[in-house]
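Participant: heads up, no residue letters with this:
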């Protein structure tokens, strides 16, 4: 692996290894509640694992795909569900490179702690309201929410 890949990979894998005891301690709670435990989400956020694909211009890590996949693989080795939710949150950062600058800045640049999840088939509606949008609908399943 080239140095521009191995350095961020090593740093992120060290973060994952440091989080392993916390993730393991919350596996049963996460399974019972059908979502990652708040302390695990906070730790993943603090380690910037949800910002792996966010463009550097928006304060993200903008790492190559092989880094994201290896990091997610390491998390999934600890707990598959946490790996999946990390993948969903991280991959959502790809949108930052495709949105108009103002939209990407609003979504990813204004709050470095933002995590995006959702459903591929969103059958609901979104209506403009003061401060943003009001979303309504029913989703039987939405990854990373």
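Facilitator: Yep, it's here. What you are looking at is a predicted structure, and each value in this text was computed from that prediction instead of being measured.
Participant: So which bits of whatever helix or strand residue 69 lives in are buried?
Facilitator: Secondary structure assignment for residue 69, by DSSP states H and E: helix 65-78. For helix 65-78, burial by neighbour count (16 or more other CB atoms under 10 Å) applies to 67-68, 70-72, 74-75, 78. Backbone N, C-alpha and C define where each C-beta goes, glycine included.
Participant: Show me the residue sitting in the middle of the protein in space.
Facilitator: Geometric centre of the chain, nearest residue: residue 89, 2.1 Å, by CA atoms, centre = their mean.
Participant: Distance from the chain centre to the helix or strand harbouring that one, please.
Facilitator: Using DSSP H and E, residue 89 falls within helix 80-91. How far helix 80-91 lies from its chain's middle: 6 Å, per CA atoms, centre = their mean, to the nearest Å.
Participant: Contacts for it next, please.
Facilitator: Contact partners of helix 80-91, identified using CB atoms under 8 Å, 6 or more residues apart in numbering, comprise 23, 27, 30-31, 35-36, 40-41, 44, 49-53, 68, 71-73, 75-77, 115-117, 143-144.
Participant: 6 Å - rerun?
Facilitator: Residues outside helix 80-91 that contact it (CB atoms under 6 Å, 6 or more residues apart in numbering) are 23, 36, 44, 49-50, 52-53, 68, 72, 75-76, 115, 117, 143-144.
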